[in-house]
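K.L.:
Got a sequence here, can you build the structure:
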Amino acid sequence: MKTYSISEVAKELNLTVYTLRYYDKEGLMPFVERTPNGNRLFKESDISALKVIECLKATGMPIKEIKTFIDWCSEGDSTLEQRYKMFLERKANVEAQMEELKKTMEIIQHKCSYYKTAMDGGTEDIHKKEKLAKL
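P.N.:
Residues are numbered from 1 along each chain as shown. Coordinates of the predicted model:
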């Protein structure tokens, strides 16, 4: 079975070694084995678990809650329902973020169009003329 060093994993996941050490210190990587001299040895499954951790972080989930999720995983099948509910909550959270981003994008697209029209017309006053023409 192939193993990876902390620096290889950091590079693969676009993280810093410091971040991975912090995750370990916070108890997010109880699954990672160590060599006799204390170096971390990562397996493919560890990298997959770290991708889930990064996904949860991207949803805005605090480290403390991610730790709870990792603990539930360690407990096994008795926590399947809690994990399922947690992901449903994360899904709703991300959907809300996406709706907010859609609104933000609409405003940005409008302003891009606004300024492109103003540049093409040589003045921002073109928008005032358009408003008058609509009256």
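K.L.:
Show me what whichever strand or helix holds residue 49 is packed against.
P.N.:
Residue 49 is located in helix 44-58, with elements delineated by DSSP states H and E. With contacts defined as 3 or more Cβ pairs under 8 Å, 6 or more residues apart in numbering; DSSP states H and E, the packing partners of helix 44-58 are helix 6-13, helix 17-25, helix 63-75. Just so you know, the C-beta spots here come from the backbone N, C-alpha and C atoms, and that holds for glycine as well.
K.L.:
Let me know which of those is the nearest to residue 50.
P.N.:
helix 6-13 (5.9 Å; Cβ to Cβ).
K.L.:
for the record, mean pLDDT for the closest one?
P.N.:
On average, the pLDDT along helix 6-13 is 96.
K.L.:
Give me the most central residue, the protein.
P.N.:
In the chain, the centroid-proximal residue (Cα atoms, centre = their mean) is residue 58; its distance is 1.8 Å.
K.L.:
Make TSV out of the helices and strands packed on helix 44-58 and add distance to residue 86 and mean neighbour count.
P.N.:
What follows is these, written out as TSV (distance: least, Cβ to Cβ, whole Å; neighbours: other Cβ atoms under 10 Å):
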stretch	distance to residue 86	mean neighbour count
helix 6-13	22	15
helix 17-25	18	15
helix 63-75	6	16
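K.L.:
what's next to stretch 45-55, contact-wise?
P.N.:
Stretch 45-55 has contacts (Cβ atoms under 8 Å, 6 or more residues apart in numbering) with 4, 9, 12-13, 15, 20, 23, 28-29, 31-32, 66, 70, 73.
K.L.:
again, 10 Å this time
P.N.:
With contacts defined as Cβ atoms under 10 Å, 6 or more residues apart in numbering, stretch 45-55 is touched by 1, 3-4, 8-10, 12-15, 19-20, 23, 28-33, 40, 42-43, 61, 63, 66-67, 69-70, 73, 87, 90, 94.
K.L.:
Repeat that for stretch 33-41.
P.N.:
Counting by Cβ under 10 Å, 6+ apart, 1, 3-6, 9, 17, 20-21, 24, 29, 32, 42-43, 46 sit against stretch 33-41.
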